[in-house]
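Chemist: A predicted structure for the sequence below; I have some questions about it.
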Amino acid sequence: MLKRPRQEQVAYISNQLKNLALELNLVIWCPVQLNKESEIRESSAILFDADVALRIILDKDSHTSATIVFDKVRQGQRATSLPIEIQGWFQTIVSKEVAEEYPKD
């Protein structure tokens, strides 16, 4: 059996996840960590198959504040970003408006 390049392996897995979601009519979350320029070809296959692509950017000055940036939303209204607060041991994520309205004691 020939070993395929990693780029082809990632594209195959991404495509199979997309087909499974369509076949079973459900949502599949596929978290991916991308942080190297060399992974651009691999990530392009994932972005192509994804209905929603987002990034979580942590604020440099705070361990509890972050922003979700929506890079792709195939259906529905596209928001550019959503400020969030990360709360508690299990890292519950809430919008900053909710966090300010209902402060955690």
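Modeler: Done, it's in. Everything numeric in this text was worked out from a predicted model, so none of it was measured.

Chemist: use CA for all of it now, contacts and neighbours both
Modeler: OK.

Chemist: what's the helix or strand for the closest residue to Thr67 other than its chain neighbours?
Modeler: Of all residues not flanking Thr67 in the chain, Pro83 sits nearest, at 4.3 Å (CA to CA, 6 or more residues apart in numbering). Using DSSP states H and E, Pro83 falls within strand 81-87.

Chemist: buried sites along that strand?
Modeler: Across strand 81-87, burial judged by 16 or more other CA atoms under 10 Å covers Pro83, Ile84, Glu85, Ile86.

Chemist: can you tell me what sits against it?
Modeler: Residues from elsewhere that reach strand 81-87, judged by CA atoms under 8 Å, 6 or more residues apart in numbering: 63-70, 92-96, 99.

Chemist: buried members of those into PyMOL, please.
Modeler: The PyMOL selection below is limited to those of the contacts of strand 81-87 classed as buried (16+ other CA under 10 Å):
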select buried, resi 65+66+67+68+69+70+95+96
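
Chemist: from the contacts of strand 81-87, which has minimum pLDDT?
Modeler: In terms of pLDDT, Ala99 ranks lowest among the contacts of strand 81-87, with 52.

Chemist: what does stretch 9-29 rub up against?
Modeler: Contacts for stretch 9-29 (CA under 8 Å, 6+ apart): Glu42, Ala45, Ile46, Asp49, Ala50.

Chemist: the chain - how does it break down into domains?
Modeler: Annotated domains of the chain cover 1-50, 51-105 [automatic domain parsing].

Chemist: which of those has the lowest average pLDDT?
Modeler: domain 51-105 (a mean of 75).

Chemist: now do the longest strand anywhere in the chain: distance to the chain's middle.
Modeler: Looking across the chain with DSSP state E, the single longest strand is strand 65-73. Distance, stretch centre to chain centre, for strand 65-73: 8 Å (CA atoms, centre = their mean, to the nearest Å).

Chemist: for that strand, list the C-alpha coordinates in PDB.
Modeler: This file holds the C-alpha atoms of strand 65-73, laid out as PDB (Å, rounded to 0.1, in the frame of the first residue of the first chain):
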ATOM      1  CA  SER A  65     -11.300  37.400  27.200                       C
ATOM      2  CA  ALA A  66     -11.300  36.300  23.600                       C
ATOM      3  CA  THR A  67     -12.800  37.000  20.200                       C
ATOM      4  CA  ILE A  68     -14.400  34.400  17.800                       C
ATOM      5  CA  VAL A  69     -13.700  35.400  14.200                       C
ATOM      6  CA  PHE A  70     -15.900  33.800  11.600                       C
ATOM      7  CA  ASP A  71     -13.900  33.200   8.500                       C
ATOM      8  CA  LYS A  72     -16.600  31.400   6.600                       C
ATOM      9  CA  VAL A  73     -20.300  30.900   7.000                       C
END
